[in-house]
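S.K.: From the sequence below, what's the structure:
(2 chains)
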Amino acid sequence: MTRGVEILKVAELARLELKSGERQRFGTEFERITAYFAQLQKLSLEGEITFPYPCPRAPDRPRDYEIKVEKLSEYLKDGYFKIPPLLA
Amino acid sequence: MSKLPSIAELILLIAREERKATEIIEEIKGNIGRKESEANAYINLFLDEALAQAKQLDASGSKPDEEKPLQGIPIAIKDNICVSGKPCTCASRILEGFIAPYDATVVARLKDAGAIIVGKTNLDEFAMGSSNENSAYGPVQNPLDTERVAGGSSGGSAAAVAYGGAVAALGSDTGGSARQPAAFCGLVGFRPSYGRVSRYGLVAFASSLDQVCPITRTVQDAALIYSIIAGPDPCDSTTYPAEPEEMDLAGEIPEGIKVGLIKECFDDLEDERMGDAVLRSFREARVELVEVSIPLVRLSVAGYQLLAMAEASSNLARYDGIRYGRRIERLGLRETYFATRGEGFGDEVTRRILIGTFGLSEGYIDAYYNTALRYRAALAAEFEEAFKKVDFLLSPTAPTPAFKLGEKIRDPLAMYLSDIFTAPAALAALPAISIPAPDKVDGLPVGIQITAPRFADAKLLEFAHAVERL
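M.R.: Residues are numbered from 1 along each chain as shown, chains lettered A, B, ... in the order given. This is a model prediction of the structure:
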């Protein structure tokens, strides 16, 4: 593993369930790929970290929406919107 | 291979009443019937609907005009771009059953221009891949050689256009996903400057890099689609506020054009024939060729993949089985998230989410993600310097022609490296186009990649159109 980073810990952060074969396989690939990426660290890259969007961002402009309740009526029940159950 | 006319030719044929919209759809239907089972270019087809639309157009006598330049023209859409009321799978099991509730801005603009949407094309899951082998709907075969990949991630869009299953298609390009499949299938793939085309309704993979792109038979067709889909969009705050500039596709290379050959791309080619195929047209053209060094392109895959994986790990956090598509029920909510994501994502997406999460995690963010951001800025600065000396930059689109199915799928790093020539323009937010070289290598098409300064999209298309005609 990459300097003590365990694949299971990363999978936990990413909310991914990995099967035992996957842990082994992804772990091996992980080390090789991150070692390749680490070549960037050898460059002398100085300066500010630029904003990741490479384009000037336009300000958000609010728009009026006409909400047609009758179109949603099949999902209305007792004054509430019915949504599918989160868990059975 | 089908001899479907280009969009420009079809517009003339329809205008002269030499071809009807229904005949074009029927022709496409015939090509799909013959080729699709092998190519696997489409995930969903809407041919009956398309035929009904075409019949209506023919009955009303409508033809392409200034207001509806694409009237009756059949176009395919990559299945990570939303078409209202149609499934949008992103070639992932996790989006099974998801129906797009609205049209992407690019789709709405194509429909407004009269285009007929014939289907949604196959792709690498969530556009992550360079061979279209990472699809839950099976790999795409290259129609020019069915033992080879069509490229990725927009392999379905390229294959559909190549075998005559559509006149043109929309793909998306995050680090080369439209240009590389276009090159592998002998087509034109145009990546506009970041911000020129709205991403509203394009399912996010890496938001600072994703762009919607036309994949077409000719540069003229790419320019036509670009002129329709480009421009500011209030639904995407990263679109550039100014309208795109006018184009003049006169077909001549202007006097005094200076083209820079990216030294590192040509020096690192394992097969010199790739470089020769790219350069032949230019040696005969009225352009000055000079060598330009952009040393940082050699590490573009490391910079690109780190940023793309980090953004993907964040963008794909929303797929938890609650809000979209497939759900694997478990006793608790947390267990449901883990199981749904574990089973719903394929190997490549899982791999990228893991590495992206690692690159953003406490203790590693500076060494990986922030370093990649600094790299990106430095690479963009190298491009800026290069464009002080030349008008355009030139390289092959990919280091090799289309490789064999299965050749790289078990070696993720080798697969990532097939984007080494396309990733730099994406990182620097530059427009770039792949056009077919006149010469082939081992009987396979080779892509010429031309890159232009930021927002010089129109000049790039004008130049590429002239080069295509050499």
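
S.K.: can you tell me which residues contact residue B:260?
M.R.: Contacts for residue B:260 (CB atoms under 8 Å, 6 or more residues apart in numbering or on different chains) come out as B:290-292, B:386, B:389-390, B:392-394. For every residue, glycine as well, the C-beta is placed using N, CA and C.

S.K.: Check it and give its pLDDT.
M.R.: Looking at residue B:260, its pLDDT stands at 98.

S.K.: do residue B:62 as well
M.R.: Per-residue pLDDT puts residue B:62 at 87.

S.K.: Secondary structure class of it, three-state.
M.R.: Here residue B:62 is recorded as coil under DSSP: H, G, I helix; E, B strand; the rest coil.

S.K.: ends of stretch A:58-77, how far apart?
M.R.: 40 Å (CA to CA, to the nearest Å).

S.K.: Quick check on residue B:77: phi, psi?
M.R.: Torsion angles at residue B:77 (phi, psi; degrees, to the nearest 10) stand at phi -120, psi 130.

S.K.: Look up the residues forming beta bridges with it.
M.R.: For residue B:77, the beta-bridge partners are residue B:120, residue B:170 (DSSP bridges).

S.K.: That one: how many residues sit nearby?
M.R.: The local packing of residue B:77 (other CB atoms under 10 Å in any protein chain shown) involves 30 other residues.

S.K.: At which residues are the helices of the stretch 1-150 of chain B located?
M.R.: Ranges of helices within the stretch 1-150 of chain B are B:7-15, B:21-39, B:47-60, B:105-112, based on DSSP state H, counting those that start in this stretch.

S.K.: so what does the third one touch, helix or strand wise?
M.R.: For helix B:47-60, the helices and strands in contact under the criterion 3 or more CB pairs under 8 Å, 6 or more residues apart in numbering or on different chains; DSSP states H and E are helix B:21-39, strand B:116-121.

S.K.: Now render those as CSV, adding distance to residue B:191.
M.R.: Shown next, in CSV, are the helices and strands packed on helix B:47-60 (distance: least, CB to CB, whole Å):
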stretch, distance to residue B:191
helix B:21-39, 23
strand B:116-121, 17
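
S.K.: so which of the ones you listed is the most packed in?
M.R.: strand B:116-121 (a mean of 28; mean count of other CB atoms under 10 Å in any protein chain shown).

S.K.: could you check the angle helix B:47-60 makes with that strand?
M.R.: Angle between the axes of strand B:116-121 and helix B:47-60 is 170 degrees (criterion: axes from the mean of the first three to the mean of the last three CA atoms, to 10 degrees).

S.K.: Show residues contacting strand B:116-121.
M.R.: Counting by CB under 8 Å, 6+ apart, B:21, B:25, B:28, B:41-47, B:50, B:53-54, B:72-79, B:83, B:86-89, B:107, B:110-111, B:154, B:156-157, B:159-160, B:165-166, B:169, B:171 sit against strand B:116-121.

S.K.: Residue 16: what's it in contact with?
M.R.: You didn't pick a chain, so chain A it is. B:338, B:341-342, B:345, B:350, B:353-354.

S.K.: One more: residue B:166?
M.R.: Contacts of residue B:166 (CB under 8 Å, 6+ apart): B:28, B:74-76, B:118-119, B:121, B:157, B:160.

S.K.: Equivalent analysis for residue B:397, please.
M.R.: Counting by CB under 8 Å, 6+ apart, residue B:397 touches B:176, B:179-180, B:182-183, B:189, B:421-422, B:434, B:446-449.

S.K.: Would you mind checking the residues you listed for buried ones?
M.R.: The neighbour count (16 or more other CB atoms under 10 Å in any protein chain shown) marks B:176, B:179-180, B:182-183, B:189, B:421-422, B:434, B:446-449 as buried among the contacts of residue B:397.

S.K.: Turn those into TSV, columns for secondary structure.
M.R.: Output for the buried ones among the contacts of residue B:397, formatted as TSV (three-state DSSP):
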residue	secondary structure
B:176	coil
B:179	helix
B:180	helix
B:182	helix
B:183	helix
B:189	strand
B:421	coil
B:422	coil
B:434	strand
B:446	coil
B:447	strand
B:448	strand
B:449	strand
